[in-house]
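Novice: what follows is a predicted structure for the sequence shown.
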Amino acid sequence: MSWLTAFLATIGHNVLAVVAMLGRVSLFAARTFSHMARPPFYPREIGHALMQVGWLSLPVVGLTALFTGGALALQIYSGGARFNAEAVVPQIVAIGMVRELGPVLVGLMIAARVTSSIAAEIATMKVTEQIDALTTLSTNPMKYLVAPRVLAALLTVPLLVGIGDIIGVAGGYTVAVKNLGFNSATYLHNTVNFLEARDIVSSLVKGAVFGVIAALMGCYFGINSGRGAQGVGSATKGSVQAAAVLILAANFVLTGVFFSL
């Protein structure tokens, strides 16, 4: 029985640790949104974060969406050919990219690129005592470091998702017309007619939520990192892992909210 007791104790300890971390993250998020709504604001930091999160992420987002849309068209055509259903390629590419693949892939790319960068930057500032210096200068680190980055992600990631959706559909269109023999006008007509307003709205809402998650995880792990190079590495790794898992979990919840009503 001793091994069973030890096993149950380990499970209980891990569950409590996860619940405690979720509580700390929730409090951190509440403080962040509170600082986002109250002055003072730092336009220069916000502008820098908008550039880092939005504009500089555009190439990787565009390439990811382009190749995903093209591969999706090939897969759907190949699978549909088994049932003489090749004509559904435009509709499935459109709904697959807009509802699911576009937001999720952009969110994961942002987690890989932006979350890791934010965590490493803030953790390094903590190790080099720059955050302590901000506090000494009566500057709130939450307002100066965290709020601008989360605000930038909230504003720019939905735009990146919208652009990624368009590029992904364009990638499917290019492959279908050039390689699979689809008529250009018919493909576009089927794509436009099949999408609904709530498909687009859900995609943009997912983008906003995923952006907030990615930025929050980077800031949270950076602020709470350990000392030294090992602390910076652990914060960077943990932030990306947490952001990716939370993005996928949030995607499941949001999909259920939007499309099971």
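Specialist: It's in.
Novice: rest of the way, CA atoms for contacts and neighbours
Specialist: Will do.
Novice: find the nearest non-adjacent residue to the residue positioned nearest the centre of the chain, please.
Specialist: Nearest to the geometric centre of the chain sits Gly107, at 2.3 Å (C-alpha atoms, centre = their mean). Nearest residue to Gly107 in three dimensions, chain neighbours excluded: Phe210, at 5.5 Å (C-alpha to C-alpha, 6 or more residues apart in numbering).
Novice: the residue nearest to the centre of the chain is in what secondary structure piece?
Specialist: helix 102-110 (DSSP states H and E).
Novice: and the next helix or strand after that helix, what's its mean pLDDT?
Specialist: Sequence-wise, the next helix or strand downstream of helix 102-110 (DSSP H and E) is helix 116-127. The average pLDDT within helix 116-127 is 91.
Novice: helix 116-127 packs against which elements?
Specialist: Here helix 116-127 touches helix 197-223, helix 228-259, going by 3 or more C-alpha pairs under 8 Å, 6 or more residues apart in numbering; DSSP states H and E.
Novice: wait, Leu134 touches Asn140, no?
Specialist: Yes. Using C-alpha atoms under 8 Å, Leu134 is in contact with Asn140, at 6.9 Å.
Novice: give me the distance from stretch 252-261 to the chain's centre.
Specialist: 17 Å (C-alpha atoms, centre = their mean, to the nearest Å).
Novice: again with stretch 158-172
Specialist: 14 Å.
Novice: circling back: okay, the residue nearest to the centre of the chain and Ala123: tell me how far apart.
Specialist: Distance of Gly107 to Ala123, given as C-alpha to C-alpha, to the nearest Å: 22 Å.
Novice: let me see the contact set for Ser234.
Specialist: Contact analysis of Ser234 by C-alpha atoms under 8 Å, 6 or more residues apart in numbering lists 225-226.
Novice: now swap in Leu195 and tell me
Specialist: Leu195 neighbours (C-alpha under 8 Å, 6+ apart): 91, 94-95.
Novice: which of the helices or strands spans the residue nearest to Leu204 when sequence neighbours are not counted?
Specialist: Nearest residue to Leu204, sequence neighbours excluded (C-alpha to C-alpha, 6+ apart): Pro158, at 4.9 Å. Following DSSP H and E, one finds Pro158 within helix 147-178.
Novice: packing partners for that helix?
Specialist: helix 2-37, helix 43-53, helix 58-80, helix 89-95, helix 102-110, helix 184-194, helix 197-223.
Novice: so how far is that helix off the chain centroid?
Specialist: On C-alpha atoms, centre = their mean, the centre of helix 147-178 falls 11 Å from that of its chain.
Novice: pLDDT of that helix, averaged?
Specialist: 93.
Novice: just the angle for that helix relative to helix 197-223, thanks.
Specialist: Helix 147-178 and helix 197-223 are oriented at 140 degrees to each other (axes from the mean of the first three to the mean of the last three C-alpha atoms, to 10 degrees).
Novice: what residues sit buried inside helix 147-178?
Specialist: 147-176 (16 or more other C-alpha atoms under 10 Å).
Novice: and if you look at stretch 49-63?
Specialist: Buried residues in stretch 49-63 (16+ other C-alpha under 10 Å): 49-50, 52-54, 57-58, 61-62.
Novice: where does pLDDT dip in the stretch 151-261 of the chain?
Specialist: 261 (pLDDT under 70).
Novice: ok so, going back, including distance to Ser116, could the helices and strands packed on helix 147-178 go into a markdown table?
Specialist: Listed next are the helices and strands packed on helix 147-178 as a markdown table, based on distance: least, C-alpha to C-alpha, whole Å:
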| stretch | distance to Ser116 |
| --- | --- |
| helix 2-37 | 17 |
| helix 43-53 | 12 |
| helix 58-80 | 15 |
| helix 89-95 | 30 |
| helix 102-110 | 9 |
| helix 184-194 | 36 |
| helix 197-223 | 6 |
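Novice: most packed of the ones you listed?
Specialist: helix 102-110 (a mean of 26; mean count of other C-alpha atoms under 10 Å).
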